[in-house]
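[1] following is a predicted model, sequence given first.
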Amino acid sequence: MRNILSSIDSPEQLKNLSLAQLNKLAGEIRELILTTVAKTGGHLAPNLGTVELTIALHTVFNCPEDKIVWDVGHQAYGHKILTGRRERFDTLRQPGGITGFPKRSESMYDSFGVGHSSTSISAALGMAIARDLDDKDNYVVAVIGDGSMTGGEAFEALNNAGDLGKHLIVILNDNEMSIDKNVGALAEYLSKMRTAPTYNKVKHDLEFLLKRIPTIGGSVAKAVEHLKDSLRFLLVPGGLFEELGFTYVGPIDGHNIELLTDVLEKAKTMQGPILIHTLTKKGKGYFPAEIEPDKFHGVGPFCLETGEVKKSANPIPSYTSVFSKALLKLADQDKNIVAITAAMPTGTGLKKFADRFPERFLDVGIAEQHAVTVAAGLASQKKKPIVVLYSTFAQRAYDQIIHDVCLQKLPVVFALDRAGIVGEDGPTHHGVFDYSFLRHMPNITLMAPKDENELQHMLYTAFQLKEPVVLRYPRGNGVGVKLDEELVTLPVGMAEEIKSGDDIVFFAIGSMVEACKQASEFLGYIGIEAGVVNARFIKPLDEDMLIRIANRTKYIVTVEDNVLAGGFGSAVLEFLNDHGIAEPKVLRLGLPDKFIEQGPRKDLLAKYTLSGENIAKSVSAFIKSDEVR
Ligand SMILES: Cc1ncc(C[n+]2csc(CCOP(=O)(O)OP(=O)(O)O)c2C)c(N)n1
């Protein structure tokens, strides 16, 4: 059979294909996903698991009139391939290329932009309400994984949707995995549904019976058809989802296109909210991903033949791994330390902690808000909780950090990993807002290390303080400095002078200190003596240091990998203004008031004037323009 995918430019074309062709198409889509992601990196295992579901959805529904809302959106590559983006698929996650998640501005088939989890049912419900208000009759389908279903917002949406009774189809894509193994009581519940002995026995008996009924006509044939239908719609009694007002269908094989299309067609004719429970295999069709779905959840470029991930030869440890080791060391010495992750034990470096101290480790599921308040509860009872989140996902817990932690001055430590620009995951994942949304919280101490060694000391310091503390550090490798054996308490609110120089002084924070050291070298070549100060703390700011700097230079340059609006540079400006310090002039370097696109981290840093060379260029241009004035 000739290649089918190469002629598919719109999902409409799927409707003319036979089942055999649809099955062949599934293989071709898998192949394209595999060969592309092996080169570009990306979310492999989730996408391999949803190929048949995607085909079935686009065969049964008429997009873009009908709306498919993907949760997280990290499983929508097949959808992208089938909706006019096949030829550009090789640009996946590249600068200017196809994005790794659905994006409304990229395609009319992407009904809702996404990247953070557990939003699909809410968004789909909104679309269903709008449809009914407009007297339209399109279908709305949310596709959500069992991991994403652990997020509070998903429950809030089920609760609301079950009550409103709008026609809405929710597909629960259950592969028993979040990034790591899915956790929690819901995961247990789903697992019981999958293996419910009554369900399986009845199903088996009925299938056995049906196979034995000879081909017959008339009313008996109809009865048999009906029986087949009931088999597909066999309900597991007492379902949680039924109690919430949904009609529950399943569990069904999420890799069987015939079954999926049958069930979806039937769901179109039903009333009210429907939840279809599909069982899929994460990584389906690629053995290395099937056996290690966590490793292939989000993966860099890899060798297709062996499944070996192409590692950079960089021997410098990552910030995450230095954090992970330092925390283990501290937890060995202090039995009160409890570590909390929101479904990211591997990504945050907490896996070893979980293995060594299972009783002091909590994976709460994709529930950042709950993670923070559970930590507040622990802290109220004299435990020393540390909540480890990616900066971007901490955005979810803004109120909990204010209301449950800071207001009560509870000693919770927050470690925000992947802060700053993260790279190819793009605007949904850059952690570039944390200085701005944290620094205005009373009672908080906010710090960022200049290198991996300072990260260890900051972690140690954080546990010494008896109040809320945040430390934030970037994705990727450290600077390559020696790691001290003995950890010390850093003086809170004190910056560190790293390099002298008075023509201008860099007041830099976090990983930008290293970039400023390089910038200072560059400026030296053109006769500008640039001092470098490592601010260490965004809050409290080292005000004495700022006054000293102000007294000796004409220009202060603040540098941060955060949005400029309300960030670190703003804090410096506020201080100078509030103290009537009009000189020196302040140049703030950081990220502009826009969402930063996808691309290699290094390139984006350079593009937004945060590489050593480009910092130096901006500074020299700033001085020149000032001299002209
Ligand atoms: C709010 C939020 N926290 C964490 C993440 C990181 N994350 C991306 S996918 C994922 C697991 C999702 O599991 P599931 O929904 O079951 O999908 P699967 O990958 O298994 O197909 C997590 C934790 C996120 N995207 N959003």
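    Cool, got the structure. What you are looking at is a predicted structure, and each value in this text was computed from that prediction instead of being measured. Numbering: from 1, shown residues only.
[2] right, and D334 touches F463 too?
    Yes: contact status for D334 versus F463: in contact at 7.1 Å, counting by C-beta atoms under 8 Å. Quick note: C-beta positions are derived from backbone N, CA and C, even for glycine.
[3] which of those two has more neighbours?
    The neighbour count for D334 versus F463, taken as other C-beta atoms under 10 Å, is higher for F463 (21 against 10).
[4] mind checking which helix or strand the residue of the stretch 201-350 of the chain found nearest the ligand is in?
    Per C-beta to the nearest ligand atom, A343 is where the stretch 201-350 of the chain lies closest to the ligand, at 3.9 Å. Under DSSP states H and E, no helix or strand contains A343.
[5] and it, how many neighbours does it have?
    When neighbours are counted by other C-beta under 10 Å, A343 registers 27.
[6] T445 too?
    That count, for T445 with other C-beta under 10 Å as the rule, works out to 21.
[7] any idea how far Q395 lies from the ligand?
    According to C-beta to the nearest ligand atom, to the nearest Å, Q395 and the ligand sit 8 Å apart.
[8] ok, now D561?
    Taken as C-beta to the nearest ligand atom, the span from D561 to the ligand is 21 Å.
[9] enumerate every residue touching that residue.
    A419, G420, I421, V432, P474, G510, S511, M512, G590, L591, L605, L610 (C-beta atoms under 8 Å, 6 or more residues apart in numbering).
[10] stretch 327-340 vs the ligand: in contact?
    No: on the criterion C-beta under 6 Å from any ligand atom, stretch 327-340 is out of touch with the ligand, staying 13.3 Å away.
[11] same question for stretch 255-271.
    No: Stretch 255-271 lies out of reach of the ligand by C-beta under 6 Å from any ligand atom, never closer than 13.6 Å.
[12] return the distance of that stretch from the chain's centre.
    Its chain's average C-alpha position is 30 Å from that of stretch 255-271, according to C-alpha atoms, centre = their mean, to the nearest Å.
[13] pull the residues that contact it.
    Outside stretch 255-271, the residues within contact range by C-beta under 8 Å, 6+ apart are 19, 22-23, 26, 52-53, 55-57, 59-61, 139, 165, 167, 169, 229, 232-233, 247, 249, 252-254, 274, 276, 278, 280-281, 284.
[14] filter those down to the ones in strands?
    Here DSSP state E is the test, and the contacts of stretch 255-271 give I169, T247, V249, I252, D253, I274, I276, T278 as lying in strands.
[15] just the buried ones from the contacts of stretch 255-271?
    Neighbour counting by 16 or more other C-beta atoms under 10 Å classes 22-23, 26, 52-53, 55-57, 59-61, 139, 167, 169, 233, 247, 249, 252, 254, 274, 276, 278, 280-281, 284 among those as buried.
[16] what ranges does the stretch 301-450 of the chain have for its helices?
    Per DSSP state H, counting those that start in this stretch, the stretch 301-450 of the chain has helices spanning 319-333, 351-356, 368-380, 391-394, 398-399, 434-438. These are given in chain order.
[17] number of residues surrounding D603?
    Around D603 there are 13 other residues, counting by other C-beta under 10 Å.
[18] and the ones in strands among the contacts of stretch 255-271, which two are the farthest apart?
    T247 and D253 (19.1 Å; C-beta to C-beta).
[19] give me the pLDDT value at the residue nearest the centre of the chain.
    Central residue of the chain (C-alpha atoms, centre = their mean): H116, 5.2 Å from the mean position. H116 carries a pLDDT value of 98.
[20] surely it meets D71?
    No: applying C-beta under 8 Å, one finds H116 not in contact with D71, separated by 9.5 Å.
[21] which elements pack onto the lengthiest helix in the chain?
    Secondary structure of the chain per DSSP state H: the longest helix is helix 19-40. With contacts taken as 3 or more C-beta pairs under 8 Å, 6 or more residues apart in numbering; DSSP states H and E, helix 19-40 sits against helix 45-48, helix 51-60, helix 77-80, helix 257-269.
[22] residues contacting the residue lying closest to G567 once chain neighbours are set aside?
    For G567, ignoring the flanking residues on the chain, the nearest one in space by C-beta to C-beta, 6 or more residues apart in numbering is Y435 at 4.5 Å. Y435 makes contacts with L446, R472, I509, I538, E560, N562, G566, G567, F568, A571, as judged by C-beta under 8 Å, 6+ apart.
[23] among these, which lie within helices?
    Mapping these onto helices (DSSP H) picks out F568, A571.
[24] just the contacts of Y435 now: which is nearest R356?
    Once C-beta to C-beta is applied, the member of these that ends up nearest R356 is R472, at 24.8 Å.
[25] from the chain's centroid, how far away is stretch 471-489?
    24 Å.
[26] got it, and stretch 325-341?
    How far stretch 325-341 lies from its chain's middle: 25 Å, per C-alpha atoms, centre = their mean.
[27] what residues sit buried inside it?
    Buried residues in stretch 325-341, counted by 16+ other C-beta under 10 Å: A326, L327, L328, L330, A331, I337, V338, A339, I340, T341.
[28] could you do stretch 296-316 as well?
    For stretch 296-316, a neighbour-count test (16+ other C-beta under 10 Å) marks F296, H297, G298, V299, F302, G307, I316 as buried.
[29] on the pLDDT front, check A187 for me.
    Listed pLDDT for A187 reads 89.
[30] can you count the residues close to it?
    Under the criterion other C-beta under 10 Å, the count of neighbours that A187 has is 20.
[31] and this structure, what are its domains?
    Taking automatic domain parsing as the reference, the chain has its domains at 9-196+236-291, 324-474, 496-628.
[32] within range of the ligand, give me the residues from the stretch 151-300 of the chain.
    Within the stretch 151-300 of the chain, the positions near the ligand by C-beta under 6 Å from any ligand atom are N175, M177, S178, I179, K282, H297.
[33] give the bridge partners for G420, please.
    G431 (DSSP bridges).
[34] residue contacts, it?
    Per C-beta under 8 Å, 6+ apart, neighbours of G420: S391, H430, G431, V432, P474, R475, G510, S511, D561, N562.
[35] got a winner among these for most neighbours?
    Ranking those using other C-beta under 10 Å puts N562 first, with 32 neighbours.
[36] ok, that one touching S570?
    No: using C-beta under 8 Å, N562 is not in contact with S570, being 9.7 Å away.
[37] overlap in contacts, these two.
    With C-beta under 8 Å, 6+ apart, N562 and S570 have common neighbours S436.
[38] low pLDDT regions in the stretch 201-350 of the chain?
    Confidence mapping of the stretch 201-350 of the chain against pLDDT under 70 gives the ranges 201-238.
[39] measure the residue nearest to the centre of the chain to the ligand for me?
    In this view, H116 and the ligand are 4 Å apart by C-beta to the nearest ligand atom.
[40] find the closest residue to the ligand in the stretch 501-629 of the chain.
    Nearest residue of the stretch 501-629 of the chain to the ligand (C-beta to the nearest ligand atom) works out as Q598 at 15.1 Å.
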